[in-house]
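Asker: The following block contains a protein sequence and its predicted model.
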Amino acid sequence: MVEFNEKAYMNDQLFLYYIEEHLVPVLGGHPTLFALDLMGSHKTPAVLDKLHSHNITLSLIPGGCTSLIQLLHISIIKPFKQILRELTDTAILELESVEAFHKWTISDCHILTTSCVGNTFYKFHLEKGDLIHRVF
């Protein structure tokens, strides 16, 4: 399912929907740090209340401060993306090597992506769980 705003930017309503329908279910009530930029829809009272009610701590990163979070990128985001890339490449090669494989559909891509992201999170947690606890 794709949700969008006709003006092509995130608004309060879409962000609240994202939090409730996508973010909260995957977090399972665990305390979470959620780092975002200072976009208006990220810091409305309704959004702040929704995040707080689900034990999600919002960390707003001001413009021009990317260099301050570079360590987060190097220690967490980059290794996560590397695992995701490896698992995705492997899954694609395995699927395309099956004789009955014909052509990718959008549904196939969504299913593959969802599966690979879940597997990546699991593998990343197993391999780097201690790092996540130290960083946060």
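Answerer: Thanks, I have the structure now.
Asker: The lowest-mean-pLDDT helix or strand in the chain: what's the following helix or strand?
Answerer: Scoring the helices and strands of the chain by mean pLDDT, DSSP states H and E places helix 70-72 at the bottom, with a mean of 73. Going down the chain from helix 70-72, the next helix or strand is helix 78-96, by DSSP states H and E.
Asker: Report the mean confidence score over that following helix.
Answerer: Per-residue pLDDT over helix 78-96 has a mean of 92.
Asker: So which bits of that helix are buried?
Answerer: Neighbour counts using 16 or more other Cβ atoms under 10 Å place F80, I83, L84, L87, T88 of helix 78-96 among the buried residues. In this view, the C-beta of every residue, glycine as well, is placed from N, C-alpha and C.
Asker: Also stretch 21-35?
Answerer: In stretch 21-35, counting by 16+ other Cβ under 10 Å, buried: L23, V24, T32.
Asker: how about the strands in this protein?
Answerer: 32-37, 56-61 (DSSP state E).
Asker: Out of these, the one nearest T105 is which?
Answerer: The closest of the strands of the chain to T105 is strand 32-37. By Cβ to Cβ, the value is 32.6 Å.
Asker: Save the buried residues of helix 78-96 as JSON lines, and put in distance to E99 too.
Answerer: Output for the buried residues of helix 78-96, formatted as JSON lines (distance: Cβ to Cβ, whole Å):
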{"residue": "F80", "distance to E99": "33"}
{"residue": "I83", "distance to E99": "29"}
{"residue": "L84", "distance to E99": "27"}
{"residue": "L87", "distance to E99": "23"}
{"residue": "T88", "distance to E99": "22"}
